[in-house]
Structure formats: structure tokens, C-alpha cells
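Q: Only the shape, not the letters, is given here:
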């Protein structure tokens, strides 16, 4: 690790797709514009700069490509670029027509620190519609194991090249050119299976109506299929418009997502720089066993690759991450995306419970309703299930189970929701039974002493669940669980006969940060009455609390987040630990980037202003340590979870699903990594 706050310390790499202003058959102009962008990239800490196809000569010049004068000009341009690169951090990948073995090739030339690393010829030469490349060029198909002299250096030449850094920024990239990605099996497919994480495409790609969308779809899909970063550059202003036009469309994609994109039809030089998460790509490839299966299955057809080695070391200065990191990885800031996610999550919950109820043949559902977020969403789902199955909502048996710390507000909210939804409601005061149990155990509370320990809390939590199961026996019903994914991650549930257990838990894969948005979605969906929507608004405004400890010292409520940490941070930690397996220092790095400035970036549109806060690194470090201790010590609870549907790509903690771990493990290794690599300020 060079500097904690540098992206290069956390398996990120900055790559840019560049579009310089061109000039027809003017290599000297191309060198000036290329070096101007290279200087910008150097200052910005960009590791690789990708330039357009045939950028040193220009693309649409037809038979002028055969001219000796142009060939000489391109050779001088490559010499100048190679010499100038000696003092630059980035690898430069430029397009040039090069003669070799009596043939002319459309090539990409990789240059770094005064060296030409290698030259890759284009394989697929389009000769249809407006394209006529076979008139001038020879395909690079089958060209392997060869060398070529460029800028006075004998360097590898062929389509069999991978470029690998052995420095403190280790990564492997591959190069292909324009049409190569438009075919059914692009050359970069084989390169990705051979270990290339970054795929570069030097393109000219003239523009016609609708083509930009096709490019995005093509490159994003290819990045997703190969689990890679795909970097695409295209010709822009200055290219010949005799018969074609150019929009200068360049972009950086990562595993199906657009990281950065240039404005189209620029007036001058443009650069799209994206901070690629190599660690994420490596994790995904490792997890996707079918990726490895495909590599093995295609081994006989996969071409052999040579590796061109070079050394890229991270800059001594910190290069700050410029990538968008969602504050809420389970809750997108984009309003349309959030609506779609909530729609899917809600209907997954309904479908899951409906199927389970139908398969059991039971006529009723039993659910405990506290007036809090989780039981509210579960009750909404239960009511909707009855509608979907054509049953009476009164067959949902909702119970309020007030204990020693139940507030009048939450109790009133619970009853208001029960009435608004038209389900059956009943109240069972658990305090007499709890007092008897505490007395039988000789607990100090039975003698009138205010001892509110874990036994005191869990007697109440256990009694509530015990009542629900016995009520289910009594009424021939299925117990609906209400605990959420965040609580499971933090171990914030009472094991066994407690809120840990149910017959089917509709919230098991829904994080706390998403629950409130699901409730808002349902309130606005038309699925509920206006009265129900008003009750839901009141519930959303209530502090999150287990309500197990009576108010003391002037406090009005037992706050969950003061004990286990802000759910906003803990859901962030949960996502990146379980979904990607990131080390704690990287999670802290991402969290600081996402949460350090409340005024920066976008928030989910309906998130209350009071929740739009910031967290500094000491807070992030503290709560991440709390998370790690609680997460690893609570695995035994997750090893015995009831059934419930997986809802988000962030995963499930079910032992039958995304997360399988030993119940007797510990978090010592993760805590040591956090302590060693995350500064206290």
C-alpha cells in the first residue's frame, strides 16, 4: 500500500479513452495532440491512454495509405512519441498503419517509458457498406510469434500479445481494433480467458443515427461477458468527412457498466477517464466457476499468447478516486432505478410467501406487528399475498405483543396499520409471562431492581416468538418472519426461539436501508388505501428500536443504531464484505469516498434530509470494527436460518444460498488488517 487515500493502493487503475482533434495525413499534428492528452493523463495519474484507430495518419484516407511519404511521416511520429514517453507515467496505445513483410497492416502500438512494448494488427477488416479496408490492409489473422522494427526497436508483432505489468500496479491488458469487437467471437474473448483484465479497442467508427447506442450495448455486453474492463476510443473532429462523419465517442466500461464517456461531437480534445476496480473483476472471475469451466472447455481452441512485460509503478503521490460510489449499495440514487428495484423486491416477497403458503395448504398467516419498519413491510406483503391467492385478508392474524419498553406511539402505529389493511388483530401483553419467567430464573428485575441485561431483553424477544408459534399451532397457520438482512449480518436477533426464527421470512434478504424505500414504494403504488399510506408515513418517521429496555436517564427510546452502528454504514460494510470479499481497508477507503461529504453526489430522492449526513474516517473505522466483530461472531445464527427469498444481487446470508461459513470462525484476521492499514484520521 502506497497511500491509503490513493486508488492505486486498493486494486484500482485509472484508464482513459482519448479523442484528439485530427488532421488528415498530418502525423506531426497527431503527435502534438497525442502528447497534449498524454500530459493531461500523466498529471491525472492515468495508467493507460487509448487513442483512435489509425490516429497517426487519420482513418478515412483510402489509397493515400500506400504513399511512401505518409509511411515516413508515421515512422517519425512513432519515434517522437516513444522518445517523449520516457518521462510519462501512462502507457500510450496509438493507432498507425505499418508495413511489414511486404504488406500493410492496420495496427495498434503500445508505448511506455521510452519503449515500444509491442504491435498488434487488426484481424477483421470490414469490406461492406461504407467500409473498404481490404483494399489497403492485410488481416492480422494468424500473425503470431513475429517481430517488427518500430522507432529503432525490434518488438513483438502479432495478435498473440498480452501486455502485463510487473510493477506495483499489476494488471494485464489486450488490444484489438474496431471491427474486431463487432464479430461473434472477438479476439479479446480469448485474451480475457487467457488472463487479460483490461481490453482496449482502438476504433475509428464513423457515426450514423442510432450507432452510438449500439456501441454502448456492444461494449457493455462484452465487458460483462468477459468480466473485464473494456476501453473504446473512436475518431473525432478533424477526420475526413468526404463521405462519413465522426462523433468522437469514447468510453470506459467495467463488467457491463459505463464508468466514463466523452461528450459526442466535441470541438476539441476529449478524454474519458474511468477508475477500474481490478479487485472487483478478479473477485468476480474467481467466484464465477462457469467462467473457469468455459476456459477449460475452450482450451483446445484458445490461441497461445505471448506476454510483453513492462513495469508500471504507482505514482508516489496519492491519486484520489474519482469513481462514483453509491452511499447505499442496496439503494440506487437514480429514482427510476430505485422504483424498478422496489417493484421487483416487493413482488419477489409476495411471490415467495404466496408460494410457500399455497404449498403448505395452511389457511392462515400469523405475524407479530411492532409498529416498526420490518414488521410493517412483512404485514403489507402478507395482506397482498391473501389478495393474490383470492383469500380473505382477515386470515392474516396480526398480533401486537407489548413488553416493558413498548411505546404508545409504536403500539398505536401497529394498530392503525392492522385496521387500515383490514387484517385480523389482537393484543397479547407479554409482561405477566415475562415477569413470571424472570422470577423463576431469580433475575434481579423480579425483585424490583432495574437490571436490563441480555437476559431481560431476550426473555421478551423469546416470549414473543414463542407466542407466535403456539398461535400458529392454535389457528393452523404459518408464522411470517420479519427480521431483515442487516440484522442478520450484525447478529441483531435473538437466536432460536426469538426473532431469529419463523416458518418463512419475507425480509431475510432485504437490508434495513432498503426497507424504508419499499414501504414508500408501496404507499405510493396504489396497492394500499390513503389511510394506510398515512399510517406508513408515521411509521417511517419513527426511530428504529427493539423496544426491549425501558427508558432511563431521560432517554425516550432504546436506539438500535447507537449500539450496532448506523445502518447506512453497516449495510455498506455488509455489501462489500459478502458480495465482493473486499479487505476491510478497501471497504473503509470506499466508505470514506462515498460518505465524507454530504453535499457531494446524489442521494435517493425520497430520503429524509435528516438522514443525509456525512461520516469521517475515524467513524467509518470504528463502526467497521464493530461490524466485523459482530458479523463473524454471529455466524451460528445465520447457519440455521429459516427459508426466505433472495431479493438483491447484494446477496443472501442463507446457508443454502450466497453465504456459507463456519459457525465457529472469528474475525481476528479482518480486524488486524483494518488496524494495520486504515489510519485513525
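A: Cool, the structure landed. Quantities reported herein were computed from a predicted structural model and do not represent experimental measurements. Numbers count the residues shown, from 1 in each chain.
Q: Going by C-alpha atoms from here, please, whenever you check contacts or count neighbours.
A: OK.
Q: For stretch 158-176, buried residues please.
A: By neighbour count, with 16 or more other C-alpha atoms under 10 Å as the criterion, the buried positions of stretch 158-176 are 158-165, 168-176.
Q: Return the distance of residue 105 relative to residue 135.
A: The gap separating residue 105 from residue 135 is 11 Å, by C-alpha to C-alpha, to the nearest Å.
Q: where exactly do the strands run in the stretch 501-650 of the chain?
A: Under the criterion DSSP state E, counting those that start in this stretch, strands of the stretch 501-650 of the chain are mapped to 504-505.
Q: Okay, now the unreliable bits of it?
A: Under the criterion pLDDT under 70, the flagged ranges of the stretch 501-650 of the chain are 552-557.
Q: Over to the chain?
A: For the chain, the ranges with pLDDT under 70 are 1-2, 552-557.
Q: more neighbours, residue 105 and residue 135?
A: residue 105 (21 against 11; other C-alpha atoms under 10 Å).
Q: where does the more buried one fall, phi/psi-wise?
A: With angles defined as degrees, to the nearest 10, residue 105 sits at phi -120, psi 150.
Q: Can you tell me, leaving aside adjacent residues, what's nearest to residue 24?
A: Closest residue to residue 24 apart from its sequence neighbours, by C-alpha to C-alpha, 6 or more residues apart in numbering: residue 58 at 5.5 Å.
Q: For that neighbour, grab the count of nearby residues.
A: 26.
Q: shouldn't it be in contact with residue 28?
A: No: applying C-alpha atoms under 8 Å, one finds residue 58 not in contact with residue 28, separated by 11.6 Å.
Q: Which residue comes closest to the residue nearest the centre of the chain once chain neighbours are left out?
A: Nearest to the mean C-alpha position of the chain, counting by C-alpha atoms, centre = their mean, stands residue 329 at 6.9 Å. In space, and not counting its chain neighbours, residue 329 is closest to residue 572: 6.3 Å by C-alpha to C-alpha, 6+ apart.
Q: Would you check how far apart that neighbour and residue 592 are?
A: 11 Å.
Q: re the thing from before, among the buried residues of stretch 158-176, which are located in helices?
A: Judged by DSSP state H, the buried residues of stretch 158-176 include no members of helices.
Q: So which of the residues you listed belong to strands?
A: Among the buried residues of stretch 158-176, the members falling in strands (DSSP state E) are 161-165, 172-176.
Q: which pair in those spans the largest distance?
A: Maximum pairwise distance in those, criterion C-alpha to C-alpha, is 18.3 Å, between 165 and 176.
Q: Quick check: the gap between the residue nearest to residue 329 and residue 657.
A: Distance check for residue 572 against residue 657: by C-alpha to C-alpha, it reads 20 Å.
Q: Would you mind telling me which of these two has more residues around it?
A: Per other C-alpha under 10 Å, whichever of residue 572 and residue 657 has more neighbours is residue 572, with 24 against 11.
Q: How much space separates that one from residue 661?
A: Counting by C-alpha to C-alpha, the gap from residue 572 to residue 661 is 20 Å.
Q: ok, longest helix in the protein?
A: The chain, longest helix under DSSP H: helix 335-360.
Q: That one: which residues count as buried?
A: Applying 16+ other C-alpha under 10 Å to helix 335-360 flags 338-339, 341-342, 345-346, 348-354, 356-357 as buried.
Q: Also stretch 145-162?
A: In stretch 145-162, the ones that count as buried by 16+ other C-alpha under 10 Å are 147-151, 155-162.
Q: which of the residues you listed lies closest to residue 523?
A: residue 162 (54.1 Å).
Q: I figured the closest one hits residue 196, correct?
A: Yes: counting by C-alpha under 8 Å, residue 162 does reach residue 196; the two are 7.0 Å apart.
Q: any residues in contact with both of those two?
A: 172-174 (C-alpha atoms under 8 Å, 6 or more residues apart in numbering).
Q: Doesn't residue 295 belong to a helix?
A: Yes: counting by DSSP: H, G, I helix; E, B strand; the rest coil, residue 295 falls inside a helix.
Q: that older thread, Serialize the buried residues of stretch 145-162 to TSV and add fields for distance to residue 296.
A: Listed next are those as TSV, based on distance: C-alpha to C-alpha, whole Å:
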residue	distance to residue 296
147	30
148	32
149	36
150	36
151	39
155	31
156	27
157	27
158	24
159	21
160	19
161	20
162	19
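Q: how about the nearest residue to residue 246, chain neighbours excluded?
A: Closest residue in space to residue 246, ignoring its immediate chain neighbours: residue 206 at 4.7 Å, by C-alpha to C-alpha, 6+ apart.
Q: and for stretch 520-527, what are the contacting residues?
A: Contacts with stretch 520-527, where a contact means C-alpha under 8 Å, 6+ apart, come from 339, 342-343, 528, 532-533, 536-537.
Q: mind redoing it with 6 Å?
A: Contact with stretch 520-527 is made by residue 533, as judged by C-alpha atoms under 6 Å, 6 or more residues apart in numbering.
Q: Enumerate the positions of it that are buried.
A: Buried positions in stretch 520-527, judged by neighbour count with 16+ other C-alpha under 10 Å: 520-523.
Q: again, but for stretch 316-327
A: Across stretch 316-327, burial judged by 16+ other C-alpha under 10 Å covers 318-319, 321, 323, 326-327.
Q: and if you look at stretch 454-471?
A: For stretch 454-471, the neighbour count (16+ other C-alpha under 10 Å) marks 456-469, 471 as buried.
Q: can you tell me the distance between the two ends of stretch 35-54?
A: 16 Å.
Q: Enumerate the positions of it that are buried.
A: 35, 37-39, 41-42, 45-54.
Q: which one of those is nearest residue 221?
A: Closest approach to residue 221 among the buried residues of stretch 35-54 (C-alpha to C-alpha): residue 50, at 19.9 Å.
Q: Over to that closest one: give its phi and psi.
A: Taking degrees, to the nearest 10, you get phi -110, psi 130 for the backbone angles of residue 50.
Q: quick one: contacts for it?
A: With C-alpha under 6 Å, 6+ apart, residue 50 has these contacts: 17-18, 93.
Q: what do you get for residue 327?
A: For residue 327, the contact set (C-alpha under 6 Å, 6+ apart) comprises residue 594.
Q: And the helices in the stretch 501-650 of the chain, which stretches?
A: For the stretch 501-650 of the chain, the helices defined by DSSP state H, counting those that start in this stretch occupy 512-524, 530-540, 560-564, 567-578, 584-595, 617-633, 635-638.
Q: what does the fourth one contact?
A: Helix 567-578 is touched from outside by 582, 650, with contacts defined as C-alpha under 6 Å, 6+ apart.
Q: 8 Å instead?
A: Counting by C-alpha under 8 Å, 6+ apart, 327-330, 486, 489, 511-513, 561, 582-584, 587, 591, 620, 623-624, 627, 650-651, 659 sit against helix 567-578.
Q: Now a PyMOL select for only the buried ones of the residues you listed.
A: Only the buried members of those enter the following PyMOL selection, criterion being 16+ other C-alpha under 10 Å:
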select buried, resi 327+328+329+330+486+489+511+512+513+582+583+584+587+591+620+623+624+627+650+651
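Q: What about residue 88? Give its phi and psi, please.
A: The phi/psi pair for residue 88 (degrees, to the nearest 10) is phi -110, psi 140.
Q: Any idea what residue 94 is bridged to?
A: With DSSP bridges as the criterion, residue 94 is bridged to residue 109.
Q: Repeat that for the one 5 residues further on.
A: For residue 99, the beta-bridge partners under DSSP bridges are residue 104.
Q: That one against residue 105, yeah?
A: Yes: between residue 99 and residue 105 there is a contact under C-alpha under 8 Å: 6.2 Å.
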